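The following comprises the amino acid sequence and a computationally predicted model.
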Amino acid sequence: MAYIKLPEEELLPGIRGLMAFRPETARPLNALADILLRDESTGLSRGERETIATYVSYLNDCWFCQSVHGAAAQCYLDDDGALIDQIKKNYEEAPVSKKLKTLLAIAANVQKGGKNVTTEQIDAARNEGANDKEIHDTVLIAAAFCMFNRYVDGLGTWAPADPKAYIARGIRISEEGYANFDAMKSIGK
């Protein structure tokens with residue numbers, strides 16, 4: 001049970017219940033997520049960006065966000081969940097690009113605190129082919145997801161325990177994105 005009374009709480013888990021409570025804040029938050037995770041003007045794929053969001057949410061122990069964004073990443077990466085699980089457990093050993101590994105290291109340090117990002121990490125990402133926009137977007141995705149995770153957990157929202165409950169949501173996100181708030185109100189649709 002959330003710490004505040006949310007509309008349709010039993011139907012709208014995690015951030016979705018909070019967005020229904022304050023739609024005027026939901027729209028800009030969803031627009032930010034859409035730009036960060038779906039915009040085509042970056043060298044990172046949608047799957048890679050959702051993976052960064054998933055990993056930061058995992059580090060923050062935000063079950064709802066790591067599950068829903070993990071499901072979206074699975075859709076983009078054509079993954080059955082094994083790759084996302086491996087990245088969460090040990091991205092260094094996961095079969096992903098060296099560039100993504102360096103960006104995940106940056107994201108992990110942003111999760112700890114922005115001043116934890118090092119020049120060496122930035123240089124390593126550049127050496128693996130990351131450009132300034134990809135580095136920028138990695139830091140912003142990590143910072144934004146720290147905010148989203150704290151929003152979800154700070155108000156005590158609920159989340160389905162079964163990872164399979166998020167698959168339909170991941171498909172919908174991959175098809176429609178985040179900006180269409182009114183279409184995103186039901187978990188299974």
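Everything's here; your move.

And the host helix or strand of residue 168, what's buried?
Per DSSP states H and E, residue 168 falls inside helix 167-176. Judged by neighbour count (16 or more other C-beta atoms under 10 Å), helix 167-176 contains these buried residues: 167, 169, 170, 172, 173, 174. Quick note: C-beta positions are derived from backbone N, CA and C, even for glycine.

So for the chain, the centremost residue is which one?
Computing the C-alpha centroid of the chain and ranking residues by C-alpha atoms, centre = their mean puts residue 53 first, at 2.8 Å.

So it sits against residue 71, correct?
No: counting by C-beta atoms under 8 Å, residue 53 does not reach residue 71; the two are 11.4 Å apart.

phi, psi of the residue nearest to the centre of the chain?
Backbone torsions for residue 53, taken as degrees, to the nearest 10, come to phi -60, psi -40.

Which residues are in contact with it?
Residues near residue 53 by C-beta atoms under 8 Å, 6 or more residues apart in numbering: 36, 37, 65, 69, 73, 141, 145.

One more: residue 77?
Counting by C-beta under 8 Å, 6+ apart, residue 77 touches 47, 51, 83, 84.

check contacts around the closest residue to the first one other than its chain neighbours.
To tie it back to what came earlier, the one meant is residue 47. Nearest residue to residue 47 in three dimensions, chain neighbours excluded: residue 76, at 3.3 Å (C-beta to C-beta, 6 or more residues apart in numbering). Shown in contact with residue 76 (C-beta under 8 Å, 6+ apart): 45, 46, 47, 50, 174.

Secondary structure element for residue 76, which one?
Assigning secondary structure by DSSP H and E places residue 76 in helix 63-77.

For the helix or strand just after that helix, give me every contacting residue.
Note on helix 63-77: by DSSP H and E, the next helix or strand toward the C-terminus is helix 82-90. Residues from elsewhere that reach helix 82-90 (C-beta under 8 Å, 6+ apart): 51, 54-55, 58, 66, 70, 73-74, 77, 93-96, 104.

now helix 82-90 against helix 63-77, angle please.
Relative orientation of helix 82-90 versus helix 63-77 (axes from the mean of the first three to the mean of the last three C-alpha atoms, to 10 degrees): 130 degrees.

After helix 82-90, which helix or strand is next?
Next helix or strand after helix 82-90 toward the C-terminus (DSSP H and E): helix 98-112.

what's that next one in contact with?
The contact list for helix 98-112, computed with C-beta under 8 Å, 6+ apart, reads 44, 48, 51-52, 55-56, 59-60, 87, 91-92, 94, 116-118, 121-122, 124-125, 127-130, 134-135, 138-139, 141-143, 146.

Tell me the gap between it and the middle of its chain.
Distance, stretch centre to chain centre, for helix 98-112: 14 Å (C-alpha atoms, centre = their mean, to the nearest Å).
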